[in-house]
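Asks: Everything below, folded, please.
(one chain, ligands or ions: 1)
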Amino acid sequence: MTRRRITSSLAYRFVAGERLDDAVRVVSDVNRRGWSASLDHLGENVTEEKAARSATDDYLAAFERIAAAKLNANVSVKLTQLGLDIAPELCQELLTRVLQRAKQLDNFVRIDMEGAPYTQRTLDLVFALHERFPNCGVVLQSYLYRTPEDVLRANKAKVRVRLVKGAYDEPPTVAFPKKADVDANYEAEMRELLLNGVYPAIATHDDRLIEATKRFAREREITTDRFEFQMLYGIRRDLQDRLLREGHRVRIYVPYGTEWYPYLMRRLAERPANLLFIVRSLIRERRAA
Ligand SMILES: Cc1cc2nc3c(=O)[nH]c(=O)nc-3n(C[C@H](O)[C@H](O)[C@H](O)COP(=O)(O)OP(=O)(O)OC[C@H]3O[C@@H](n4cnc5c(N)ncnc54)[C@H](O)[C@@H]3O)c2cc1C
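Replies: As a prediction, the model looks like this:
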């Protein structure tokens, strides 16, 4: 089930729409309100070369539209959408095309991080290409035991990092099963990135971790132009507003495309508690309005 029309208002809350035009409209609005954006053309785990090439063309088209409309936006890409499951060489070729065009247009590509079986391959490819294309960055997930070392490696290589908790269902052999450990790891990595990273992105809707980030930046006199917060389109808009009013940089991750179903399900059903989060989020926004 991937091509179902977006009809429910719930889907529209998290996904800009099915077409690039929808995404451009949403990003224009996001920019007008003061946030920057990262465009994600939804899709993952493609099994046919044709689909991977078509996804690449979609990303190239997105860069053209960003430039033409003068949007304050970069792009987020998943490597399995560019054929990582088919052949690493194909993926490298397609990612190189995307990075080349981004570089010509002075734009930036964030490589999203997928499930743990892809972590090493994703990092290997990004670190290898980063030497030629410093305009790419990675995502590291604080639920993985390995992430503190990956943060050090990224900082040393001056690769930009987006820090997230992690969205996939990982086994306890590779990831902390307890939320408290994931959060503690996140806080430690946030500090390391703020101190020694290159323009890190602190991507979370967690009030406590956001407060910890602001406090740490203040204590170490790290100015607000040296890092950014990132949040997902449609989640905690009250918090997105507040951070902006406080003078922080905030980037909104804006997904679009017909392959929205797995993304939406990750937000809603991957963790049963997310359904409750949505209700809470709506109530909090309504109270703050
Ligand atoms: C910009 C961005 C990019 C991301 N990229 C990746 C990636 O490349 N790879 C990856 O594995 N993960 C990615 N994620 C997802 C991330 O790993 C988490 O699954 C997600 O952000 C929820 O975790 P949290 O940090 O917000 O903390 P949580 O502890 O899960 O949530 C904290 C609070 O945030 C709010 N909240 C969280 N989720 C929701 C929701 N679905 N609906 C409503 N409210 C919610 C609630 O108020 C909740 O109490 C990304 C997240 C962001 C913000």
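
Asks: Within its local environment, how many residues does the residue lying closest to residue 247 once chain neighbours are set aside see?
Replies: Distance criterion C-beta to C-beta, 6 or more residues apart in numbering; nearest residue to residue 247, sequence neighbours excluded, is residue 224 at 5.5 Å. To be clear about C-beta, it is placed using only N, CA and C from the backbone, and glycine gets the same treatment. Residue 224 sits with 15 neighbouring residues when counted by other C-beta atoms under 10 Å.

Asks: do you know how far residue 224 is from the ligand?
Replies: Here residue 224 is placed at a distance of 18 Å from the ligand (C-beta to the nearest ligand atom, to the nearest Å).

Asks: Now do the contacts for that residue.
Replies: Contacts for residue 224 were tallied using C-beta atoms under 8 Å, 6 or more residues apart in numbering; they are 217, 247-249.

Asks: Recalculate using a threshold of 7 Å.
Replies: Under the criterion of C-beta atoms under 7 Å, 6 or more residues apart in numbering, the neighbours of residue 224 are 247-249.

Asks: cool, and residue 140?
Replies: Remark: with contacts taken as C-beta under 7 Å, 6+ apart, residue 140 is in contact with 113, 147, 150-151, 154, 161, 163.

Asks: and the ligand, which of those reach it?
Replies: Counting by C-beta under 6 Å from any ligand atom, residue 113 from the contacts of residue 140 sit close to the ligand.

Asks: Check the contacts of residue 140 against residue 178 and report the nearest one.
Replies: For these, the residue nearest residue 178 by C-beta to C-beta is residue 147; the value is 15.3 Å.

Asks: pretty sure that closest one is touching residue 141, no?
Replies: Yes. Because the distance of 6.2 Å satisfies C-beta atoms under 7 Å, residue 147 is recorded as touching residue 141.

Asks: about what we covered before: nearest to residue 44 among the contacts of residue 140?
Replies: For the contacts of residue 140, the closest approach to residue 44 (C-beta to C-beta) belongs to residue 113, at 11.7 Å.

Asks: Check the closest residue to the ligand within the stretch 1-150 of the chain and give its pLDDT.
Replies: Proximity of the stretch 1-150 of the chain to the ligand (C-beta to the nearest ligand atom) peaks at residue 112, 3.4 Å away. The pLDDT attached to residue 112 in the predicted structure is 97.

Asks: quick one: buried residues of the regular element (helix or strand) spanning residue 187?
Replies: When secondary structure is defined by DSSP states H and E, residue 187 falls within helix 179-196. Buried positions in helix 179-196, judged by neighbour count with 16 or more other C-beta atoms under 10 Å: 182-183, 185-186, 189-194.

Asks: and stretch 156-169, how far out from the chain's middle?
Replies: 9 Å (C-alpha atoms, centre = their mean, to the nearest Å).

Asks: List phi and psi for residue 253.
Replies: For residue 253, the backbone dihedrals (degrees, to the nearest 10) come out as phi -90, psi 110.

Asks: can you check residue 94 too?
Replies: Residue torsions, per degrees, to the nearest 10, at residue 94 are phi -70, psi -40.

Asks: Then residue 15?
Replies: Backbone phi and psi, for residue 15 under degrees, to the nearest 10, turn out to be phi -130, psi 130.

Asks: Check residue 167 too.
Replies: As for residue 167, its main-chain torsions (degrees, to the nearest 10) stand at phi -120, psi 0.

Asks: same deal with residue 34?
Replies: The phi and psi values for residue 34, taken as degrees, to the nearest 10, are phi 110, psi -10.

Asks: circling back: how many neighbours does the residue of the stretch 1-150 of the chain closest to the ligand have?
Replies: The burial count for residue 112: 21, using other C-beta under 10 Å.

Asks: got the phi/psi numbers for it?
Replies: Phi and psi for residue 112, reported as degrees, to the nearest 10, are phi -60, psi 160.
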